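Colleague: just need the structure, nothing else, for what follows:
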Amino acid sequence: MKFLALGLAALLAATPVAAQETLLRARLNSDIRSTDPGTNRDANTDAVVLHVVEGLVAYRENTSIGPLLAERIDIADDGLSYTFTLRDGVRFHNGAVLTSADVKFAWDRYLRRETNWRCLPEFDGRGATKITGIETPDARTVIFRLERPSALFLANMARADCGGSGIWHRDSLNADGSWNTPIGTGPFRMGEWRRNQFVEVTRFPDYSARPGEVDGYTGNKTAHVDRVRWLVIPDASAAKAALLSGAIDINPDIANQDLEELRARPDIRISATTTMGMMALLMQTRDPLLQDVRIRRAIALTLDYPELVRALSDGQSTYNPSVIPTASGAHGAVQQQGFSRNLDEARRLLRAAGYRGQTIRMLTTRRYNSLLEMATLTQAMAQEAGLNIEFEVLDWATQLDRYTRGDYQMMAFTYSARLDPSLSFEMVSGPKATQPRKVWDNAEALALLQQSMEVTDPARRQALFDELHRRFLAEVPMIVLYNDANIAAHRVGLTGYRSWATGQPRFWGVRLP
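Modeller: Have a look, this model is predicted:
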C-alpha cells in the first residue's frame, strides 16, 4: 500500500496545478477504451466522453427525454420526420459556432458501417427505424427523415452507450478521416490522457449552459472546477485508501462492503441510489450443451436468489428477475415473477436432458468484485444439483471482447442502465447472426419488441413488456439477478454531487472548497 500511495502521489504531481486553479480528482476503476463517442466503449468511457460532447437530446433526471443542443423538437403527425431547431450561440471547444451542417457531418459518420458505432442498428433499419435522410434547410434547422415511425427515436439518440449521439466538430478527425480527439460543445474539453494512469478534462469557459438546475444529462451543466482528473485505480482497497488519505476527492462507485465504515467517517459524505444497471448470468443458447433449455432452467433453479443477491450487494439490493429495472414505471407484478430454488426439479431436468457432468465454463473478471463473487457462489450452489461449472477470470477488456463476439458458454456480466423498457429488452435481444453479443434470439419475441418500439399507448406497451417477460423466463437465455446500487463517497467540502439512476458520475455543478 505504501508503494501504491507513492504511485498516486506521482500521478497527482504529473501535471502541476496553477495557483487558484481547482482540480477535482476522481477514481476510475479501469482506463477508458477510446474518446470516439459510442465506439469501442464501456461505461467508464461513456462517463468521460459525455463530459465533453453533447447530443441534440439527453435524458433528464426522471429518465424522460429533454432537449440539449436542440432548442425545440417538432415531430410530424405521421412520425416520419423530426425537426430540430438548434440553440443559438452554442460553440465548440475550438470556438466555432454549432450549425446544422455540423450535426449532419457527425451523423453521416455515425451512420457509416466502418465507424463501428455501437448504436448503428437502431438507425439503419436493423432495429427501431431507418434514417432515410438528414436535411439542413438553414444553419439552425436539422430534419431527420425516417422510414417508419419509432417511439424510441429520441430515446436511442440520448443513450449513454451511444455516446449520447454527441455532436463534435469535424476537426475532431485526422486528415485521413480517422478519429483524433473530441472537439465537442460540453462543459469540459478533452485534456491529457495517459493510458492506464489518468484521463483529464478541463473546464470550457465559453460553455453555453441551459437555464435552470442540473437535470440528468441535460439541464444546467455549468462546470465550477477547472479540471477533473480521473485516476485509474483498479483495486477497491487502494481506492478507499486514496479517498481516506485525501489523494482523491471522490470515488463515484465504492464497494458495498465499505459503506458502513465510510459512513462512520466525519470527513466523508455518501451519495447513494438504486440504479438501472443490471447484474446477470449470461448463457450462450447456441452452445451445444446450453442450447437445451432444460439445462438452462436447471441452472436457474439451483440458485438461492435472496441469499445470492444479499451477498453480492451487501444487502443494498433485492432480487429482480426482469430486465426491466425495479425503478422503472413499467416494473410491476408480472416483472416480479421469477425463479425459486428447487434442487429436486433441477436434478430431474438434468437427467431428462442427459446431462452427465460435462464442464460448463463461466467467464468472469476481477474488475467488478461482485462479478467474481457471482461466479464463485453460482458454482457452489449449482454443484449441489450435480452441475460442473468452472470459471475463468479474464481482464475486463478481454471479457468485453468475448461478450461482443458471443464467445462463451456462461458469463457473469453487468449492463449499464437503459432508461426505457424497450431498450432494456433490446440490449439483450436480437439476431445473433448479425449481432453476436445479443443473448436472446427469438423471432416472435423480436416481433413483440418491435411493436413496443412503435406503439405509444402506455397500456399497450405494458402488455407487450409483460408478455416479453413471461417468454424470457420460459426460455432462460440469461438469469437476471438484481439492479445494483450506486454508492459514491467524497471528501467533506465537495458539494453539488448527486448519484442518479444511470449510475454515471456527473461533475458539472460540483464545487470544491
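Colleague: how about Ile167, nearest residue that isn't a chain neighbour?
Modeller: Nearest residue to Ile167, sequence neighbours excluded (Cβ to Cβ, 6 or more residues apart in numbering): Ala106, at 4.8 Å. Bear in mind the C-beta positions are built from the backbone N, C-alpha and C, glycine included.
Colleague: next one: that neighbour from Gly163, what distance?
Modeller: Ala106 sits 10 Å away from Gly163, taking Cβ to Cβ, to the nearest Å as the criterion.
Colleague: who has more neighbours, those two?
Modeller: For Ala106 versus Gly163, the count of surrounding residues by other Cβ atoms under 10 Å is larger for Gly163: 27 against 21.
Colleague: residue contacts, the more buried one?
Modeller: Taking Cβ atoms under 8 Å, 6 or more residues apart in numbering as the contact definition, Gly163 lies against Asp36, Pro37, Gly38, Thr39, Arg41, Asp46, Val49, Leu50, Val53, Gly55, Trp117, Arg118.
Colleague: coming back round to it: I figured the residue nearest to Ile167 hits Gly164, correct?
Modeller: No. At 11.3 Å, Ala106 and Gly164 do not qualify as touching, with contact defined as Cβ atoms under 8 Å.
Colleague: how about the host helix or strand of Leu312 as CSV, C-alpha atoms only?
Modeller: With the criterion set as DSSP states H and E, the secondary-structure element containing Leu312 is helix 305-313. Provided in CSV are the C-alpha atoms of helix 305-313 (Å, rounded to 0.1, in the frame of the first residue of the first chain):
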residue,chain,number,x,y,z
TYR,A,305,-31.8,-15.8,-5.0
PRO,A,306,-32.4,-13.8,-1.8
GLU,A,307,-29.1,-15.1,-0.3
LEU,A,308,-27.2,-14.7,-3.6
VAL,A,309,-28.3,-11.1,-4.1
ARG,A,310,-27.8,-10.2,-0.4
ALA,A,311,-24.2,-11.5,-0.6
LEU,A,312,-23.4,-9.8,-3.9
SER,A,313,-24.8,-6.4,-3.0
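Colleague: how far out from the middle of the chain is that helix?
Modeller: Using Cα atoms, centre = their mean, to the nearest Å, we find the averaged C-alpha position of helix 305-313 to lie 22 Å away from the chain's own average C-alpha position.
Colleague: A helix includes Ile389, no?
Modeller: No. With DSSP: H, G, I helix; E, B strand; the rest coil as the criterion, Ile389 is located in strand rather than a helix.
Colleague: assess the claim that it and Met381 are in contact.
Modeller: No. Shown here, Ile389 and Met381 do not form a contact pair, counting by Cβ under 8 Å, at 9.4 Å.
Colleague: now do the same for the residue nearest to Ala311 when sequence neighbours are not counted: its pLDDT.
Modeller: In space, and not counting its chain neighbours, Ala311 is closest to Leu377: 6.3 Å by Cβ to Cβ, 6+ apart. Leu377 carries a pLDDT score of 98 in this model.
Colleague: the residue nearest to Gln316 when sequence neighbours are not counted: neighbour count?
Modeller: The shortest distance from Gln316 to any non-neighbouring residue, by Cβ to Cβ, 6+ apart, is to Ala485 (4.0 Å). When neighbours are counted by other Cβ under 10 Å, Ala485 registers 20.
Colleague: again with Ile299
Modeller: One way to gauge burial is a neighbour count; for Ile299, by other Cβ under 10 Å, it gives 26.
Colleague: in contact with the closest residue to it other than its chain neighbours, which residues?
Modeller: Excluding the flanking residues, the one nearest Ile299 by Cβ to Cβ, 6+ apart is Ala382, at 6.0 Å. Contact criterion Cβ under 8 Å, 6+ apart gives Ile299, Thr302, Leu303, Ile389 as the residues in contact with Ala382.
Colleague: checking Ala382 next. Helix, strand or coil?
Modeller: Under the three-state scheme (three-state DSSP), Ala382 adopts helix.
Colleague: give me the pLDDT for it.
Modeller: Reading off the confidence values, Ala382 has pLDDT 98.
Colleague: likewise Leu8?
Modeller: Per-residue confidence for Leu8 comes out at a pLDDT of 57.
Colleague: renumber starting at 90 from here on
Modeller: Taking 90 as the first residue, the last one we looked at is Leu97.
Colleague: hang on, the earlier thing: average pLDDT for the helix holding Leu401?
Modeller: So the average pLDDT for helix 394-402 ends up being 95.
Colleague: buried set for that helix?
Modeller: Residues of helix 394-402 classed as buried: Tyr394, Leu397, Val398, Arg399, Leu401, Ser402 (neighbour count, 16 or more other Cβ atoms under 10 Å).
Colleague: stretch 185-192 now?
Modeller: Residues Leu187, Thr188, Ser189, Asp191, Val192 are the ones in stretch 185-192 that count as buried (16+ other Cβ under 10 Å).
Colleague: please apply the same query to stretch 306-323.
Modeller: With burial defined by 16+ other Cβ under 10 Å, the residues of stretch 306-323 counted as buried are 306-308, 310, 312-323.
Colleague: just those residues: which are in helices?
Modeller: Nothing among the buried residues of stretch 306-323 maps onto helices, per DSSP state H.
Colleague: of those, just say which sits nearest to Ala442.
Modeller: Within the buried residues of stretch 306-323, distances to Ala442 taken as Cβ to Cβ reach their minimum at Pro323, with 39.5 Å.
Colleague: what about the residue nearest to Ala400, which helix or strand?
Modeller: In the assignment (DSSP H and E), Leu466 maps to helix 458-472.
Colleague: for that helix, C-alpha coordinates in CSV please.
Modeller: Extracted in CSV, the C-alpha atoms of helix 458-472 (Å, rounded to 0.1, in the frame of the first residue of the first chain):
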residue,chain,number,x,y,z
ASN,A,458,-15.7,-7.8,-7.3
SER,A,459,-19.4,-8.7,-7.5
LEU,A,460,-18.9,-10.5,-10.8
LEU,A,461,-16.1,-12.6,-9.4
GLU,A,462,-18.3,-13.4,-6.3
MET,A,463,-21.2,-14.1,-8.6
ALA,A,464,-19.2,-16.8,-10.4
THR,A,465,-18.0,-18.3,-7.2
LEU,A,466,-21.4,-18.5,-5.5
THR,A,467,-23.1,-19.8,-8.6
GLN,A,468,-20.5,-22.5,-9.0
ALA,A,469,-21.1,-23.6,-5.3
MET,A,470,-24.9,-23.5,-5.5
ALA,A,471,-25.1,-25.3,-8.9
GLN,A,472,-22.8,-28.0,-7.7
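Colleague: how big is the angle separating it from helix 394-402?
Modeller: Helix 458-472 runs at 150 degrees relative to helix 394-402, counting by axes from the mean of the first three to the mean of the last three Cα atoms, to 10 degrees.
Colleague: any idea how far helix 458-472 is from the middle of the chain?
Modeller: Going by Cα atoms, centre = their mean, the spacing between the C-alpha centre of helix 458-472 and its chain's C-alpha centre is 23 Å.
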